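Chemist: Generate a structure from the sequence data that follows.
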Amino acid sequence: MAWFKRESKGIITTTEEKKEAPDGIWNKCPNCKKPLHYSEQVENQYVCHYCGFHIRIGSKEYFSILFDNNQFTELFTDLTSGDPLHFTDTKKYTDRLTETKKKTGLKDAIRAGVGKMNGQDVVIACMDFNFIGGSMGSVVGEKIARSIDHSITNKIPFLMISKSGGARMMEAAFSLMQMAKTSAKLALLAQAKVPYISLLTDPTTGGVTASYAMLGDINIAEPGALIGFAGPRVIKETIKKDLPKGFQTAEFVQEHGFLDFIVDRREMKEKLASFLKMLAPVTEKEII
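Modeler: From the prediction side, this is the model:
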C-alpha cells in the first residue's frame, strides 16, 4: 500500500504516527476566528490581540490577574450545595452536582478570596460560569454574604465579579431568596462605609443582574459583555417589537445609564486599584 504511505527514511506520514498539539495549546477566538496560542492568551490576559474580544474566563484566571503575584487566602472553602427540594428533572440534582464538581474542580459557582491588589487589601468574590451556568444557588448567596461580613469586620473593600445565567432553578425559592439576602448585606456594607465595586462580565443575567450585580458604589463591565435580566427572545415576544442594535451589550447598558464605566481587562487591575484608592476613607492624619 505504498500509494498511501511514503516509505522514505525519516519521514513520518501515517496518521497514526503524527503527533498532534496537546488540547488547549491552540484555540480559536470566538469573535474573529483567528488562532490564538495559549501562552499569548495568558500574556494578553485572555483578550484577543487581533480584535480585542474578551474571552470568558473563571475565578482562577481573574484571581491571577487581580491579586498581587496571585497571592490570596481563599475564604469559606467548606460550603457545598444541598438538595433541599430533592429536585429531579432529566437527572437528580445531587448527581449533577457531583458530576460538575468532578468536571470543574469547583465546589460551586463562586469562589472568594482576600489578598492585595496593588498593595491594597481587598476581598474578591468571583463567579464561575462553568459550574451549572454560574447559576445563583444558596451557596453563592451564602459565600457573598460571608464575604461582605469579612469586609465589614476588617474594613476591607469588596469586589464582586458576576458571571451568571441567573437563579438556579433546582433550588427554586431558596435561590430567589439569595437576591434579598445579598442586597440586605450590601446595605450593611454601605452603612459601614466600606467600598463595594461590582464588575459585570459576560454574561450577567437574571436574578444576579436584578440584585447584587447592579448595587455597586461603582458598576463597571468588560467590553461587549452580555448584561440583562430576561433573554432578548423573551423580551421581543413580550413587547412585540424588534430590539435595537447592540441590545443588552455593556455598551448599550452604559449608554442608558446603568453602568459607570467599561474597562478593558488589560487595564482592569490598575483601574480597580485607582477606584479603591479614591473610595478609601480619609484619616485625620491625611487631612492635616
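Chemist: Helices along the stretch 51-200 of the chain, start to end?
Modeler: Per DSSP state H, counting those that start in this stretch, the stretch 51-200 of the chain carries helices over the ranges 59-66, 93-104, 138-154, 172-191.
Chemist: name the helices or strands packed onto the shortest one?
Modeler: It refers to helix 59-66. Under the contact criterion of 3 or more Cβ pairs under 8 Å, 6 or more residues apart in numbering; DSSP states H and E, helix 59-66 touches strand 110-117, strand 120-127, strand 158-164, helix 268-279. For the C-beta atoms, the positions are set from N, CA and C on the backbone; glycine is no exception.
Chemist: Run through the bridge partners of Leu200.
Modeler: Bridge pairing for Leu200 (DSSP bridges) gives the partners Ser162, Ala221.
Chemist: what residues are up against it?
Modeler: 162, 209, 213, 219-222, 225, 227, 250, 259 (Cβ atoms under 8 Å, 6 or more residues apart in numbering).
Chemist: which of those residues count as buried?
Modeler: 162, 209, 213, 219-222, 225, 227, 250, 259 (16 or more other Cβ atoms under 10 Å).
Chemist: which one of these is nearest Leu186?
Modeler: The nearest member of those to Leu186, counting by Cβ to Cβ, is Ala213 at 10.7 Å.
Chemist: quick one: secondary structure of that closest one?
Modeler: Assigned by DSSP: H, G, I helix; E, B strand; the rest coil, the conformation of Ala213 is helix.
Chemist: on that earlier part again, adding mean pLDDT, write the helices and strands packed on helix 59-66 out as JSON lines.
Modeler: Shown next, in JSON lines, are the helices and strands packed on helix 59-66 (pLDDT from 0 to 100):
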{"stretch": "strand 110-117", "mean pLDDT": "98"}
{"stretch": "strand 120-127", "mean pLDDT": "98"}
{"stretch": "strand 158-164", "mean pLDDT": "98"}
{"stretch": "helix 268-279", "mean pLDDT": "93"}
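Chemist: out of those, nearest to Thr73?
Modeler: Taking the helices and strands packed on helix 59-66 one by one with Cβ to Cβ, strand 110-117 is closest: 5.3 Å.
Chemist: Name the residues that touch that closest one?
Modeler: 59, 63, 66-68, 71-76, 121-128, 139-140, 143-144, 146-147, 150, 156, 269, 272-273, 276.
Chemist: re the thing from before, reformat the buried ones among the contacts of Leu200 as CSV; add distance to Asp89.
Modeler: Putting the buried ones among the contacts of Leu200 into CSV (distance: Cβ to Cβ, whole Å) gives the following:
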residue, distance to Asp89
Ser162, 25
Thr209, 24
Ala213, 26
Asn219, 34
Ile220, 36
Ala221, 32
Glu222, 32
Ala225, 29
Ile227, 28
Ala250, 32
Leu259, 35
